[in-house]
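K.L.:
got a structure for you, letters missing:
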C-alpha cells in the first residue's frame, strides 16, 4: 500500500470524524463552542493545564451525577429540551 500524503490522511480523518458525529447525533459545532467557552473561562481565570483538567473532571462528575438522577425514559426529552437554544 502506498503511503498517503499528510493532507490525504487529514482529509480521511475529518471524514471519519464527521461520519461518527452523524451516527451518534453529536453536533460538532456545539461541542466546539462549549470547548471554546471552557478555554475562555480558563484563560480569564488564569488557570494552568492541571487546574483546567480539575475543572473538566468536576464538570464531568456533575453531569454524571445529574444524569444518574434522571429516569432513562425521560432522558431523550430532557437532553433535547436542554440542547435547544
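P.N.:
The structure has been received and is ready for your questions. Computed from a prediction, not measured in an experiment: that's the story for all the values here.
K.L.:
residues contacting the residue nearest to residue 17 when sequence neighbours are not counted?
P.N.:
If the residues on either side of it in the chain are set aside, residue 17 comes closest to residue 28, at 7.7 Å by Cβ to Cβ, 6 or more residues apart in numbering. Any C-beta I mention is one placed from the backbone N, CA and C, and that applies to glycine too. Under the criterion of Cβ atoms under 8 Å, 6 or more residues apart in numbering, the neighbours of residue 28 are 17-18, 21.
K.L.:
can you tell me how far residue 28 sits from residue 65?
P.N.:
Counting by Cβ to Cβ, to the nearest Å, the separation of residue 28 from residue 65 is 26 Å.
K.L.:
how about residue 38?
P.N.:
Distance, residue 38 to residue 65, using Cβ to Cβ: 19 Å.
K.L.:
when those two are compared, which one has more neighbours?
P.N.:
Applying other Cβ atoms under 10 Å to residue 38 and residue 65 shows that residue 38 carries more neighbours, namely 15 against 9.
K.L.:
which element is the more buried one on?
P.N.:
helix 28-44 (DSSP states H and E).
K.L.:
buried set for that helix?
P.N.:
residue 42 (16 or more other Cβ atoms under 10 Å).
K.L.:
next, the angle from the next helix or strand after that helix to helix 28-44.
P.N.:
Under the assignment DSSP H and E, the closest C-terminal helix or strand after helix 28-44 is helix 49-68. Interaxial angle, helix 49-68 versus helix 28-44 (axes from the mean of the first three to the mean of the last three Cα atoms, to 10 degrees): 130 degrees.
K.L.:
elements contacting helix 49-68?
P.N.:
Judged by 3 or more Cβ pairs under 8 Å, 6 or more residues apart in numbering; DSSP states H and E, the packing partners of helix 49-68 are helix 28-44.
K.L.:
ok, 6 Å please
P.N.:
Using 3 or more Cβ pairs under 6 Å, 6 or more residues apart in numbering; DSSP states H and E as the contact test, no helix or strand touches helix 49-68.
K.L.:
for it, buried residues please.
P.N.:
Buried residues in helix 49-68, counting neighbours by 16+ other Cβ under 10 Å, are found at residue 52.
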